[in-house]
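Novice: Here is a sequence with its predicted model. Questions after.
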Amino acid sequence: SYVQLQLTALCGLVPLPLPPEAREANSVIYASSHLKEHAGPMLLLVCGSAPGGAAGVWGRSLCINSSLHEGAMFDYITRAEELGWAVLVANPNINEFNGVPVSGSESPHRHLQTLWSSYVSPAQASCVLVVAHSYGAPSMVHLLKVEPEARERISALVFTDGGAFPPGTLLMEAIPSETDPKMDALRKELLRFEQLAPEAFKLASSTVRTCLHAIARNFKASDEPAGTPLAVDCDGIVAVSAGHRSHPSTTHSATEPVFAYLQLGVEGTVKAANDELRAALSKR
């Protein structure tokens, strides 16, 4: 698509196959040319579920009805490059090609797991920073469950209106009841995900919860000014306003406070900032 072409032409990213080995079916991710040897921070960008989310796209509807400035990831990529960070753009919704499952990318959860082992783990990055929109959030929580190294190397984890499909939570996704016919298609998709990534549908361990409480912050849809503290959500994660009530618009509207938070990750002060904000919210 046009956006993916601009990831290379405008942003200077390089398309890379996932899995790296030649297969009948591959997904394509996008990365800085110096991703492996770059010794500074790495920014991983994870879109939400299809059809709204795609590599380089926060919200398809925004790209069509508003602008690429709001709906695409260009601003985040350019900002990261100006800060001297390497960039890696996930492509979690390409799970098959011409009917052939993409090995290691059969679901968004498996995609991130393979992406981590193939491209993030071998990289020399000093720390890993993550921005995950919508369903990218529970997919990232799954990664923390199954990859101990991710819990060590991710120093700041941003969710933008992050949440599992109902009725699940970030800590444990769930399958909708068969009594709700409106959820039939979603139920079938989540049953497929459960077979591929069973840990996503199990309650997060205390180790994972402790990690999330330390490094994660959820920028939720809200009319409050971006960055305004809202609450500690049901998963125990600090929630602040994204500065917009529309779900697809949250990542763009929260750009400034998101990058301020990511900078705390570079400085190693995210946990202290979250603990301080959590304490202040508990007094309300």
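Specialist: The structure has been received and is ready for your questions.

Novice: Show me which positions of stretch 102-110 end up buried.
Specialist: Judged by neighbour count using 16 or more other Cβ atoms under 10 Å, the buried positions of stretch 102-110 are 102-110. All C-beta spots, glycine's among them, are computed from the backbone N, C-alpha and C.

Novice: Let me have those in JSON lines, extended by distance to Met73, secondary structure and pLDDT.
Specialist: Below are these laid out as JSON lines (distance: Cβ to Cβ, whole Å; DSSP: H, G, I helix; E, B strand; the rest coil; pLDDT from 0 to 100):
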{"residue": "Val102", "distance to Met73": "21", "secondary structure": "coil", "pLDDT": "91"}
{"residue": "Ser103", "distance to Met73": "26", "secondary structure": "coil", "pLDDT": "91"}
{"residue": "Gly104", "distance to Met73": "23", "secondary structure": "coil", "pLDDT": "93"}
{"residue": "Ser105", "distance to Met73": "19", "secondary structure": "coil", "pLDDT": "94"}
{"residue": "Glu106", "distance to Met73": "24", "secondary structure": "coil", "pLDDT": "95"}
{"residue": "Ser107", "distance to Met73": "21", "secondary structure": "coil", "pLDDT": "96"}
{"residue": "Pro108", "distance to Met73": "16", "secondary structure": "helix", "pLDDT": "97"}
{"residue": "His109", "distance to Met73": "21", "secondary structure": "helix", "pLDDT": "98"}
{"residue": "Arg110", "distance to Met73": "22", "secondary structure": "helix", "pLDDT": "97"}
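
Novice: out of the residues you listed, who's nearest Asp161?
Specialist: When the buried residues of stretch 102-110 are compared for distance to Asp161 (Cβ to Cβ), Pro108 wins out at 16.2 Å.

Novice: Ala50 is in contact with the closest one, correct?
Specialist: No: the criterion here is Cβ atoms under 8 Å, and Pro108 misses it with Ala50 at 9.0 Å.

Novice: what's the nearest residue to Ala260 if we skip its chain neighbours?
Specialist: Spatial nearest neighbour of Ala260, excluding adjacent residues (Cβ to Cβ, 6 or more residues apart in numbering): Gly227 at 7.5 Å.

Novice: I figured the one you found hits Ser253, correct?
Specialist: No: using Cβ under 8 Å, Gly227 is not in contact with Ser253, being 10.4 Å away.

Novice: where do the contact lists of those two overlap?
Specialist: In terms of Cβ atoms under 8 Å, 6 or more residues apart in numbering, Gly227 and Ser253 are both contacted by the residues Gly243.

Novice: between those two, who's got more neighbours?
Specialist: Taking neighbours as other Cβ atoms under 10 Å, Gly227 and Ser253 compare with Ser253 leading, 22 against 17.

Novice: re earlier: read off the pLDDT value for the residue nearest to Ala260.
Specialist: What the model reports as pLDDT for Gly227 is 98.

Novice: show me what contacts it?
Specialist: For Gly227, the contacting residues are 240-241, 243, 254, 256-257, 260, by Cβ under 8 Å, 6+ apart.

Novice: among those residues, who's most crowded?
Specialist: For these, counting by other Cβ under 10 Å, the largest number of neighbours falls to Ala254: 26 neighbours.

Novice: tell me the pLDDT at that one?
Specialist: Ala254 is given a pLDDT of 98.

Novice: which residues touch it?
Specialist: Neighbouring residues of Ala254 by Cβ under 8 Å, 6+ apart: 160, 219, 226-227, 241-244.

Novice: Return the member of those residues nearest to Asn93.
Specialist: Once Cβ to Cβ is applied, the member of the contacts of Ala254 that ends up nearest Asn93 is Thr160, at 16.6 Å.
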